[in-house]
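S.K.: Everything below, folded, please.
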Amino acid sequence: MQIMAVKGLVDRDETARAHVYRAKVAREQTQRQMVGHLLDRAFGGSAAKLMMQALSGRKASKEEIVQMRQMLADVEKGKDPQP
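M.R.: The predicted structure follows:
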């Protein structure tokens, strides 16, 4: 938790005997940041390679496939894809 506090991901309340930590950044923002790092480091920045590897690792539900298709259509139209 100390490392996360140093990185600015959580706040620490030291007023009580036990320290209380609270998320400082929204879950979606943290996920986006982590996936971005993974994309760069493991997949050379290729979103296609990341997606293909993710889909080969486990079966996606029909609902997930519909969501992915919608996200791809939004990207093609120049819209910001929404998870």
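S.K.: Please verify my assumption that V10 contacts Y21.
M.R.: Yes - in this structure, V10 is within contact of Y21 by C-beta atoms under 8 Å, at 4.7 Å. The C-beta positions use only the backbone N, C-alpha and C, and glycine is treated the same way.
S.K.: As a check, name the ranges of all strands in the chain.
M.R.: Using DSSP state E, the strands found in the chain span residues 10-13, 20-23.
S.K.: Serialize these to JSON lines and add fields for mean neighbour count and mean pLDDT.
M.R.: Converted to JSON lines, the strands of the chain look like this (neighbours: other C-beta atoms under 10 Å; pLDDT from 0 to 100):
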{"stretch": "strand 10-13", "mean neighbour count": "13", "mean pLDDT": "86"}
{"stretch": "strand 20-23", "mean neighbour count": "11", "mean pLDDT": "85"}
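S.K.: Same list, those strands, but as TSV with distance to S46 please.
M.R.: Formatted as TSV, the strands of the chain follow (distance: least, C-beta to C-beta, whole Å):
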stretch	distance to S46
strand 10-13	31
strand 20-23	30
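S.K.: Out of those, flag the one nearest D74.
M.R.: Of all the strands of the chain, it is strand 20-23 that lies closest to D74, at 27.6 Å by C-beta to C-beta.
S.K.: which residues touch the closest one?
M.R.: With C-beta atoms under 8 Å, 6 or more residues apart in numbering as the test, strand 20-23 has contacts from M1, M4, A5, L9, V10, D11, R12, D13, T30.
S.K.: Tell me who's in contact with the residue nearest to D74 when sequence neighbours are not counted.
M.R.: Nearest non-adjacent residue to D74, counting by C-beta to C-beta, 6 or more residues apart in numbering: P81, 4.7 Å away. By C-beta under 8 Å, 6+ apart, the residues touching P81 are M71, L72, D74, V75.
S.K.: Cool, thanks, talk later.
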